[in-house]
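Asker: What would the 3D arrangement of this be:
(one chain, ligands or ions: 1)
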Amino acid sequence: MTYHNLKFEIRDNVALITLDRPKALNALSSDLMDELTAAIRACEADDAVGAVVITGSEKAFAAGADIGELKAHDFSRAYLEDLITRNWEEPARARKPVIAAVAGYALGGGCELAMMCDFIIAADNARFGQPEIRIGVVPGAGGSQRLTRFVGKSKAMEMCLTGRMMDADEAERAGLVSRVVPVAELVEEAVKTAQGIAELSRPAVLAAKELVNTAYETTLSEGIRAERRLFHAMFATEDKDEGMAAFLEKRKPKWKHR
Ligand code: DAK
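Answerer: Next up is the predicted model:
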């Protein structure tokens with residue numbers, strides 16, 4: 001596939017997707033989201049890819065959904081075209097790990113896209129916000145729900161009601177991002193982290209991701225039951241034998257991904 005709104009490259013076992021609409025601060029147009037959906041599906045289908053990094057520019061991860069496009073929608077069109085659901089949620093559907101590497105603005109749909117990823121590494125200049133209220137709407141791609149789960153009611157409510165932005169340090173303190181790195185090192189750090197994950201046993205990686213996500217969807221006792229089942233299931237993998245043998249023999253494991 002030829003991409004016009006993003007760059008797609010493979011770095012060893014990792015796919016690096018760079019949102020690339022610099023003149024619009026990577027505003028998330030429908031074309032861009034179609035391409036992102038296709039890129040993530042390509043990663044899911046490619047056995048050589050073990051993890052994905054989504055990033056933007058130093059100035060903007062993404063400044064939100066494309067407001068020009070949104071303005072052109074009325075209710076019927078949004079409903080009939082399945083606005084957002086049709087082509088926005090692939091990062092959240094992916095089974096392979098997806099890391100958001102966020103520098104600059106991650107606003108509205110940009111913040112929502114970052115939160116759909118499995119975790120966020122932020123540059124020290126990152127700024128997160130849900131400013132939809134300032135253009136007369138509310139978050140529409142999960143912001144009110146995911147942000148609340150990340151940072152709790154008080155901060156999420158303040159951000160959704162006022163549109164206030166959160167800087168990288170506040171985002172780290174609040175649990176929205178896993179860590180903050182200097183902006184010049186962001187992509188390298190995120191790719192290195194993704195490569196580390198991609199080198200591990202894939203069944204274990206997919207299972208770990210599934211289990212952490214289960215914590216968001218179920219009760220504690222059901223979540224622990226799901227964990228116990230998958231933990232037991234791991235004992236059926238060749239990688240479990242290899243990983244434990246390698247530890248005892250003081251050598252690096254050679255994963256078969258099965
Ligand atoms: N959409 C379209 N263009 C945008 C944009 C956006 N979200 N953000 C920035 N741009 C464009 C600007 O129009 C400008 O274009 P030109 O005038 O140069 O042609 C260019 O990017 C540079 O922007 P600025 O000149 O404004 O740059 P500054 O450094 O002065 O300010 C800023 C940067 C990020 C603070 C500012 O651009 C800004 O406030 N941008 C808008 C942020 C925002 O409100 N984002 C939320 C968008 S609403 C839904 C699901 C999801 C959503 C909605 C509905 N449904 C299910 C129905 C999601 C909604 C959103 O994300």
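
Asker: where does the nearest residue to R77 once chain neighbours are set aside land in three-state SS?
Answerer: Spatially, and ignoring its direct neighbours in sequence, R77 is nearest to L83 (7.6 Å; C-beta to C-beta, 6 or more residues apart in numbering). No exception for glycine: its C-beta is placed from N, CA and C like everyone else's. Classification of L83 by DSSP: H, G, I helix; E, B strand; the rest coil places it in coil.

Asker: Please apply the same query to A100.
Answerer: Looking at A100 with three-state DSSP, the answer is strand.

Asker: chain center to the helix or strand of the chain with the lowest mean pLDDT, what's the gap?
Answerer: Ranked by mean pLDDT, DSSP states H and E, the weakest helix or strand in the chain is helix 75-80, scoring a mean of 88. Chain-centre distance of helix 75-80: 27 Å, with C-alpha atoms, centre = their mean, to the nearest Å.

Asker: buried residues in the next helix or strand after it?
Answerer: Note on helix 75-80: by DSSP states H and E, the next helix or strand toward the C-terminus is helix 90-93. Neighbour-count burial for helix 90-93 flags 90-92 (criterion: 16 or more other C-beta atoms under 10 Å).

Asker: cool, and stretch 180-189?
Answerer: Quick answer for stretch 180-189 (16+ other C-beta under 10 Å): 180-181, 183, 186-187, 189.

Asker: how about TSV for the residues you listed, with distance to the ligand and secondary structure added?
Answerer: Compiled in TSV, the buried residues of stretch 180-189 are given as follows (distance: C-beta to the nearest ligand atom, whole Å; DSSP: H, G, I helix; E, B strand; the rest coil):
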residue	distance to the ligand	secondary structure
V180	20	strand
V181	22	strand
V183	16	helix
L186	18	helix
V187	20	helix
E189	24	helix
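
Asker: Which other helices and strands does the least confident helix or strand of the chain contact?
Answerer: Applying 3 or more C-beta pairs under 8 Å, 6 or more residues apart in numbering; DSSP states H and E, we find helix 75-80 packed against no helix or strand.

Asker: With just CA atoms, put it into CSV.
Answerer: Extracted in CSV, the C-alpha atoms of helix 75-80 (Å, rounded to 0.1, in the frame of the first residue of the first chain):
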residue,chain,number,x,y,z
PHE,A,75,-26.0,13.7,12.4
SER,A,76,-27.2,11.6,9.5
ARG,A,77,-23.8,11.5,7.8
ALA,A,78,-21.9,10.8,11.0
TYR,A,79,-24.3,8.0,11.9
LEU,A,80,-24.6,6.4,8.4
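
Asker: what about that helix and the ligand, any contact?
Answerer: Yes - for helix 75-80, a contact with the ligand is found by C-beta under 6 Å from any ligand atom, at A78.

Asker: so which pair among the buried residues of stretch 180-189 is furthest apart in space?
Answerer: With distances taken as C-beta to C-beta, the most widely separated pair in those is V180 and V187, at 14.3 Å.

Asker: so which strand or helix has the residue nearest to L200 when sequence neighbours are not counted?
Answerer: Of all residues not flanking L200 in the chain, W255 sits nearest, at 6.9 Å (C-beta to C-beta, 6+ apart). Per DSSP H and E, W255 falls between elements, in no helix or strand.

Asker: how many neighbours does W255 have?
Answerer: Counted with other C-beta atoms under 10 Å, the neighbours of W255 add up to 20.

Asker: okay but it is in contact with T237, surely?
Answerer: No - counting by C-beta atoms under 8 Å, T237 is not a contact partner of W255; they are 9.7 Å apart.

Asker: what sits in contact with each of the two?
Answerer: Counting by C-beta atoms under 8 Å, 6 or more residues apart in numbering, the contacts common to W255 and T237 are S201.

Asker: follow-up on the earlier one: switch the buried residues of helix 90-93 over to a markdown table; also include pLDDT and distance to the ligand.
Answerer: What follows is the buried residues of helix 90-93, written out as a markdown table (pLDDT from 0 to 100; distance: C-beta to the nearest ligand atom, whole Å):
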| residue | pLDDT | distance to the ligand |
| --- | --- | --- |
| E90 | 95 | 15 |
| P91 | 96 | 14 |
| A92 | 95 | 14 |
